[in-house]
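Novice: Compute the structure for the input listed below.
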Amino acid sequence: MKKTMVAFMAILIKDVRNYYLKPPNISWGLIFPLSWALMQFSLSPSPPSVAEVLPGVMALSVLFGTTSMLAVALTFERRSRSFERLLTAPIGLTTMVWAKLSGAIIFGMVNAAWPVLLAASLGVDLSAVDWPLAFLGVLFIAVASSLLGLMVAVTAKEVFEAQTLSNLYRFPMIFLCGLFIPVQSLPWILQPLSYVLPITYGVDILRQGLLMDGMFETWASVTIGIGFIVILYALSMRGIKRRWLL
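Specialist: Residues are numbered from 1 along each chain as shown. Purely as a prediction, here's the structure:
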């Protein structure tokens with residue numbers, strides 16, 4: 001158990017030093033969500049309040065921060081063949097995978113804090129926020145986003161390929177997962193797509209915590225969200241065993 005924890009922390013600390021604070025992660029996880037929020041205020045004929053866009057900005061920070069870090073970092077390590085040393089190390093595959101995932105999850109959740117601090121500095125009243133529920137929503141988004149990034153890393157062979165594949169699902173999620181546009185307001189033909197995207201349920205929990213406004217009961221969003229996370233993890237591990245261990 002002790003050796004497992006030492007290996008886990010060593011991988012996590014190495015990722016923090018090598019990847020977390022690199023310019024691409026900062027730009028995608030911090031600057032891009034802020035730019036998107038400013039666009040909402042400047043281009044909308046009836047601009048929303050800061051409180052209304054806060055869940056979307058937080059979710060966007062988590063989504064882009066986690067996937068940018070994990071998918072590109074893993075693909076780069078595989079491309080440079082440094083990842084092979086981890087696979088041959090005397091640690092379990094599950095430990096190695098969760099060490100990688102944990103770094104992305106923590107980074108994404110830290111990203112979610114800056115919109116809250118910014119909103120508080122602008123005088124937004126956050127006294128009615130259900131912080132445990134909001135934290136749960138951020139955690140769900142971070143875990144699901146990290147697993148999506150892992151699935152991209154399993155498939156991609158080059159860094160540019162990982163970036164392209166990540167954008168193929170990240171940008172549609174901005175519109176389909178209720179970040180800024182309620183799912184109920186989407187055309188009926190697009191709404192079924194929203195319900196099969198795992199981020200939708202994390203955003204729903206987050207909106208319940210921040211705005212007391214959600215599509216589903218909390219228990220339903222949590223249950224469905226856990227189901228998606230289990231499926232994504234199983235698919236990721238299946239891909240790792242088929243593509244990386246053979």
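
Novice: hey, where'd the strands end up in the protein?
Specialist: For the chain, applying DSSP state E gives no strands.

Novice: Please enumerate the helices of it.
Specialist: Per DSSP state H, the chain carries helices over the ranges 2-15, 23-26, 32-43, 50-79, 83-88, 93-121, 131-155, 159-176, 191-195, 199-211, 218-243.

Novice: Which stretch among those approaches Pro182 most closely?
Specialist: When these are ranked by proximity to Pro182, the top entry is helix 199-211, at 8.9 Å, counting by C-beta to C-beta. C-beta coordinates here come from the backbone N, C-alpha and C atoms, glycine included.

Novice: Leu122 against Val50, yeah?
Specialist: Yes - the pair Leu122 and Val50 qualifies as a contact (C-beta atoms under 8 Å) at a distance of 5.8 Å.

Novice: the more surrounded of these two?
Specialist: Val50 (17 against 9; other C-beta atoms under 10 Å).

Novice: show me the contacts for that one.
Specialist: Residues in contact with Val50, defined by C-beta atoms under 8 Å, 6 or more residues apart in numbering, are Ala119, Leu122, Val124.

Novice: list the contacts for Leu193?
Specialist: Pro172, Leu176.

Novice: how much space between it and Val183?
Specialist: Separation of Leu193 from Val183 (C-beta to C-beta, to the nearest Å): 10 Å.

Novice: Now the common contact residues for the two.
Specialist: Residues touching both Leu193 and Val183 (C-beta under 8 Å, 6+ apart) are Leu176.

Novice: ok, the closest residue to Thr67 other than its chain neighbours - how many residues close by?
Specialist: Leaving aside its sequence neighbours, Thr67 sits nearest to Gly149 (C-beta to C-beta, 6 or more residues apart in numbering; 4.0 Å). Residues contacting Gly149 under the criterion other C-beta under 10 Å number 31.

Novice: All good on my end, thank you.
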